[in-house]
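> Return a 3D structure for these sequence lines:
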Amino acid sequence: MQDTPVPEVRTLAERVFNQLQDAIVRGELAPGTKITEPGLAKTYGISRGPLREAMRRLETHRLIERVPHVGARVVKLTMRELLELFDVREAMESMAARLAARHMTAEEIAGLREVLAFHERQSDLSRGEAYYQREGDLDFHYRIVQGSHNRMLMTLLCDDLYYLVRLYRTQFSASGARPRRAFVEHHRIVDAIEAGDEELAELLMRRHVSASRENVAKRYAAVLEQEAEQPPVPPLQRKTP
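Okay, here's the model as predicted:
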């Protein structure tokens, strides 16, 4: 029996993981959406092996969850869980900003300003429609955490919680009136970090995340209210033989 080419499988799994992750973060696969292996295999034209590996990664990153008697679905936080997530984010990211003001090198700060310059060239931001930050090195918050040089914070915020935070940050705070204000706040945080002002950097990041929290909570509540107002789907009628 011929061995499966492992590098190719991993490449396929990586591609599908990235596609699914982007679809979930952007809301194309909405929170609570049920997903099945046959459906995804048909959509992306791949075998079950690479797909299962991609789904395991999505589950590890907390983007999908397996529910008994339901199957796999895109994660959907309750309002309480969402607010708790932002409470954790506010505490940890403000600490990261303080440490970044202490530890970031001139080269790292220059790289952070390059990220903001890249964001400013985005057409959606210039139109005031959205502020979509790509993951990793093109994500302002990711770079701040990396700049803290604190391995524990990097593990918690760049691995464990990163994709879940990014999902709700993108869908509920990256559009409307918030994008331009958030962009200005980002510049002020970098100014404080460059000045080595730890207290100001921490304060500005705390206010920044708090404002995002309020905006996300308001918009998420509106979504939940809209869902509650929708009429229930009538049960299927059993045909009389």
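> which secondary structure elements does the stretch of helix or strand residue 205 belongs to contact?
Residue 205 belongs to helix 198-229 when assigned by DSSP states H and E. With contacts defined as 3 or more CB pairs under 8 Å, 6 or more residues apart in numbering; DSSP states H and E, helix 198-229 has these neighbours: helix 79-103, helix 162-173, helix 178-194. (Each C-beta comes from the backbone N, C-alpha and C, glycine too.)
> wait, what's in contact with residue 141?
With contacts defined as CB atoms under 8 Å, 6 or more residues apart in numbering, residue 141 is in contact with 93, 133, 157, 165, 169.
> Need the residue closest to the centroid of this structure.
Residue closest to the mean C-alpha point of the chain, counted by CA atoms, centre = their mean, is residue 166 at 1.4 Å.
> Please point out which parts of the helix or strand hosting residue 23 sit buried.
The secondary structure element spanning residue 23 is helix 6-26 (assigned by DSSP H and E). Under the neighbour-count criterion of 16 or more other CB atoms under 10 Å, helix 6-26 has 12, 13, 16, 17, 20, 21, 23, 24, 25 buried.
> Quick check: the fourth one vs residue 97, distance?
Which is residue 17. The span separating residue 17 from residue 97 equals 30 Å under the rule CB to CB, to the nearest Å.
> Kindly tell me how buried residue 47 is, as a neighbour count.
By other CB atoms under 10 Å, the residues close to residue 47 number 11.
> If you could redo that for residue 87, that was the one I meant.
Using other CB under 10 Å as the criterion, residue 87 is surrounded by 13 other residues.
> give the contact list for it.
If you count contacts by CB under 8 Å, 6+ apart, then residue 87 has residue 213 around it.
> again, but for the one 10 residues further on
Contact partners of residue 97, counting by CB under 8 Å, 6+ apart, are 144, 148, 189, 192, 193, 201, 202, 204, 205.
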